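> A structural model of the following input is requested.
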Amino acid sequence: MSGSNVWHRSREKLRRFPEYFAQCAEEATIYGKCVAATTTSRQELKKDHCCQEFAALKMCFANAAKKTSK
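All right, here's what the predicted structure looks like:
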């Protein structure tokens with residue numbers, strides 16, 4: 001059954017996550033600082049706050065995944 005193959009691929013991606021994260025440390029730091037700055041005094045993070053920073057982090061993860069999959 002092909003369902004087990006889906007889980008294998010997902011586990012493989014999660015196993016590589018620390019490697020991707022290391023390649024995107026700068027983007028992750030910028031996103032984290034944005035989230036921390038907008039959630040001071042126990043405020044909730046609102047939709048679309050830090051969306052540019054998140055988009056940059058997401059793009060970095062996608063690029064890191066492409067580099068390592070080759």
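
> pLDDT weak spots in the chain?
Residue ranges of the chain with pLDDT under 70: 1-4, 69-70.

> now the helices for it?
3-23, 25-38, 51-69 (DSSP state H).

> kindly reformat those helices as JSON lines and extend each row with distance to Leu45 and mean neighbour count.
Every residue, glycine included, has its C-beta placed from N, CA and C. Shown next, in JSON lines, are the helices of the chain (distance: least, CB to CB, whole Å; neighbours: other CB atoms under 10 Å):
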{"stretch": "helix 3-23", "distance to Leu45": "20", "mean neighbour count": "11"}
{"stretch": "helix 25-38", "distance to Leu45": "6", "mean neighbour count": "14"}
{"stretch": "helix 51-69", "distance to Leu45": "10", "mean neighbour count": "14"}
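
> tell me the phi and psi of Thr39?
Dihedral pair for Thr39: phi -120, psi 30, per degrees, to the nearest 10.

> the one 10 residues further on now?
When quoted as degrees, to the nearest 10, the phi and psi of His49 stand at phi -80, psi 140.

> ok, now which ones touch the closest residue to it other than its chain neighbours?
Among residues not flanking His49 along the chain, Thr38 sits closest, at 4.8 Å (CB to CB, 6 or more residues apart in numbering). By CB atoms under 8 Å, 6 or more residues apart in numbering, Thr38 lies in contact with 45-46, 49-50.

> quick one: which of those residues is the most crowded by neighbours?
Cys50 (21 neighbours; other CB atoms under 10 Å).

> just give the nearest non-adjacent residue to it, would you?
In space, and not counting its chain neighbours, Cys50 is closest to Cys34: 3.9 Å by CB to CB, 6+ apart.

> and the furthest pair within the contacts of Thr38?
Put simply, by CB to CB the two of the contacts of Thr38 set farthest apart are Lys46 and Cys50, 9.4 Å from each other.

> ok, Trp7 to Arg15 distance?
Distance check for Trp7 against Arg15: by CB to CB, to the nearest Å, it reads 12 Å.

> of the contacts of Thr38, which is the nearest to Phe21?
For the contacts of Thr38, the nearest to Phe21 is Cys50 (17.4 Å; CB to CB).
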